[in-house]
Structures are given as structure tokens and as C-alpha cells.
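**Q** Based on what follows, work out the 3D shape:
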Amino acid sequence: MTNPLLLQRLQQALGYTFTRADLLTQALTHRSYGALNNERLEFLGDSVLNCSVARALYDAFPDLPEGSLSRLRANLVRQETLAEIAANLKLGDSLRLGEGELKSGGFRRPSILADALESLFGAVFLDAGFDAAQRVVRGLFDPLVAKIDPTASGKDPKTQLQEILQARRQPLPEYRLLDTRGEAHDQSFIVECVLARPALTTRGVGKSRRAAEQEAARQACAQLQK
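**A** Below is the predicted model of the structure:
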């Protein structure tokens, strides 16, 4: 049974209190825990998420064409972004996982966190309708939309760095995990991005290894573009 205080904290972070507690419980239940799990809610939540983020981008960038909006949306709704948001919500603390997933650290696995977040969106949709679900999504994603530079390529930093190096006929970067800090439920990863030519080393910190790699790559791109 999930700690009621954790559920209360999660709902406060979402900015939404469930009328049907069973929907919240199901949204937090991984398939390893039992037959009544969050996979169907994830299906719903994925659609709610995509539509809500699409509307946010449509409103924020009235001059961008469809292709550019689609690329921006794909960048926002990818697993890495969802897992980062879920980690910030401390969603992993409230997950119901089977014994095997618990032992292997499933509560911090990006795919499980991302799926659970989408499931929550689906659960809010069933609990109170699309408008309520859209408000939850917008509350989490509007700050990210506000940071978008519409003139940027929309590609993630690792892809940008790879393309810069390839265009210059230079070796691709190497990513090294330097350290993992914090308790199992709230870890931070420290990754080093090493370039052979030009000789350059940057470090990134993130709630997942991939997020840390992206931050290190972002810093490397900034250095190369100076």
C-alpha cells in the first residue's frame, strides 16, 4: 500500500486532487505488480499529452509551420523529458512495482517513470475530463515551452554535437559515467563528455545518465560554437 502522505504530496505537485482514488492507484501500478496496471491509462495519457503540448506550442509560436511545431513537440514529449519531470515530482516514491522491479531499481528507470507520468494524465482525464487533464499537462510543460528558442534546430544536444564533429571530420565524443550520488530513490548522475580533437572535456549532471550526457553535450556544443 502506497503511503497516503506520498500520494498527497504527489497530487499537490501535480496541482490536482483525484476524486477517484482508484484511478490514482492504478496509474501508479506497474505491470510487474499485477493485472490491473497502468498500461491502458498510459495509452490515454499519451494522447492527452500530445494534444495538450501541441496546443501549448500552437499558442506560443503562431508563426512556426507545422513541421517545426512537430519537431518541437517530439522533443518535449520524449521519454527523457517525461522521466525528468517525473523525477522532479518524486513520482518513483509512489510507484507500485513487483518484487523484481523493486530490487532492480525500477522506481528510477526512465521508461517506467515516463510511462507512469503519462498514466497519470490518462487518469486525470477519466477522473475529470480533458480540460482538467490539459491543465495538469500545461502546468508541467508550459515552463519548458517558455524556454524554447524557436530559431534553434530542435535537435537534442548529443545529436547537435555529433553533427558538428562530423562536419569538421573530427572524432565522435566519448561519454563516461564519473559518479552516482544520492539515495536510490533520488539519484544524480555525473557524466563526462570527452572530445579528442579539439581536446575538450565537459561535465553534466542529471537525474538519469542520459540527461547527464545531454547536459555535458550541451556544454560541449556551447564551447565549440564560441
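
**Q** which SS state does the residue with the largest distance to the centre of the chain fall under?
**A** In terms of distance from the mean C-alpha position of the chain, Arg169 ranks first, at 32.3 Å (CA atoms, centre = their mean). Put simply, Arg169 is coil when judged by DSSP: H, G, I helix; E, B strand; the rest coil.

**Q** how much space is there between it and Arg197?
**A** Going from Arg169 to Arg197 by CB to CB, to the nearest Å gives 9 Å. Bear in mind the C-beta positions are built from the backbone N, C-alpha and C, glycine included.

**Q** in the protein, which helix or strand is least confident?
**A** Using mean pLDDT, DSSP states H and E, the weakest-scoring helix or strand in the chain turns out to be helix 99-103, at a mean of 81.

**Q** Just the CA atoms of stretch 137-148, as CSV, please.
**A** C-alpha atoms of stretch 137-148 as CSV (Å, rounded to 0.1, in the frame of the first residue of the first chain):
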residue,chain,number,x,y,z
VAL,A,137,-0.1,18.9,-18.5
ARG,A,138,0.2,22.6,-19.1
GLY,A,139,1.3,23.2,-15.6
LEU,A,140,4.2,20.9,-16.1
PHE,A,141,5.1,21.8,-19.6
ASP,A,142,4.4,25.5,-20.1
PRO,A,143,7.7,26.4,-18.3
LEU,A,144,9.6,24.2,-20.8
VAL,A,145,7.7,25.8,-23.7
ALA,A,146,8.7,29.2,-22.4
LYS,A,147,12.4,28.3,-22.6
ILE,A,148,12.3,27.2,-26.2
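
**Q** What about Leu5, how many residues nearby?
**A** Neighbour count for Leu5, taken as other CB atoms under 10 Å: 9.

**Q** Look up how far Lys207 lies from it.
**A** Leu5 is 22 Å from Lys207, by CB to CB.

**Q** now Ala13
**A** 15 Å.

**Q** now do Leu178
**A** Separation of Leu178 from Lys207 (CB to CB): 15 Å.

**Q** before we move on, what about Glu174?
**A** 22 Å.

**Q** Tell me which of those two has more neighbours.
**A** Lys207 (23 against 11).

**Q** Spit out the contact partners of the more buried one.
**A** Listed by CB atoms under 8 Å, 6 or more residues apart in numbering, the contact partners of Lys207 are 83-84, 87-88, 187-189.

**Q** Kindly indicate the member of the residues you listed with the most neighbours.
**A** Going by other CB under 10 Å, Ala83 tops the contacts of Lys207 with 27 neighbours.

**Q** Setting aside sequence-adjacent positions, which residue approaches that residue most closely?
**A** Closest residue to Ala83 apart from its sequence neighbours, by CB to CB, 6 or more residues apart in numbering: Pro110 at 3.7 Å.

**Q** isn't that neighbour right up against Ala212?
**A** No - Pro110 is beyond contact range of Ala212, at 11.8 Å (criterion: CB atoms under 8 Å).

**Q** out of the two, which sits in the busier spot?
**A** A count of neighbours by other CB under 10 Å puts Ala212 above the other of Pro110 and Ala212, at 25 against 20.

**Q** that older thread, buried sites along the least confident helix or strand of the chain?
**A** Residues Glu101 are the ones in helix 99-103 that count as buried (16 or more other CB atoms under 10 Å).
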